[in-house]
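Novice: Okay, structure incoming, though there's no sequence with it:
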């Protein structure tokens, strides 16, 4: 049985900085990953929701190649314990972000600049950065974290919100941008 287990996030293949050493586009990065790990005695996992998300970026043939090398597994949502303090902090963070988002929206509503398309794009960009950056913002990300916690596996991601939450729940992680270098060390052994 492999000593090492990794739970892989979509960001390893779709984030340009993270996939850089694997390939120029998501499909090339996936194929390169599959070749790089095919003889390694390491378990790679991906929640089905994350795999489905990745399939939006790659063709069916590439998806089948990856499916052979990784294990798709859902986290056991009913058996994982997380301290209430984590959710207390999370709710407080959400409340603060919502209040800042409201103030931002009010600021843009008061602005009488006539070019609405430019104004709306600017609002959308600022609102997204204010509310979604650095926070756990999807059920896919949550399942990714829970699976890594459940398996006591290393999480591979470049998502700042996932990394921040991983630190709070004591989950080991590696930034996806550094994962290629780590795999290279395993190949040398």
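Specialist: Cool, the structure landed. The structure presented is a predicted model; accordingly, all values stated were derived computationally and were not measured.
Novice: So what are the structural domains in this protein, by residue number?
Specialist: 5-79+137-188, 84-132 (automatic domain parsing).
Novice: Give me the mean pLDDT for the shortest one.
Specialist: In other words, domain 84-132. Average pLDDT, domain 84-132: 76.
Novice: next one: stretch 62-79
Specialist: 92.
Novice: So residue 90 versus residue 139, what's the distance?
Specialist: 14 Å (Cβ to Cβ, to the nearest Å). Every residue, glycine included, has its C-beta placed from N, CA and C.
Novice: Counting neighbours, go ahead and name the busier of these two.
Specialist: residue 90 (15 against 10; other Cβ atoms under 10 Å).
Novice: Which strand or helix spans that one?
Specialist: helix 84-110 (DSSP states H and E).
Novice: now for that helix, which elements pack on it?
Specialist: helix 116-132, helix 160-169 (3 or more Cβ pairs under 8 Å, 6 or more residues apart in numbering; DSSP states H and E).
Novice: relative to helix 160-169, how tilted is that helix?
Specialist: 150 degrees (axes from the mean of the first three to the mean of the last three Cα atoms, to 10 degrees).
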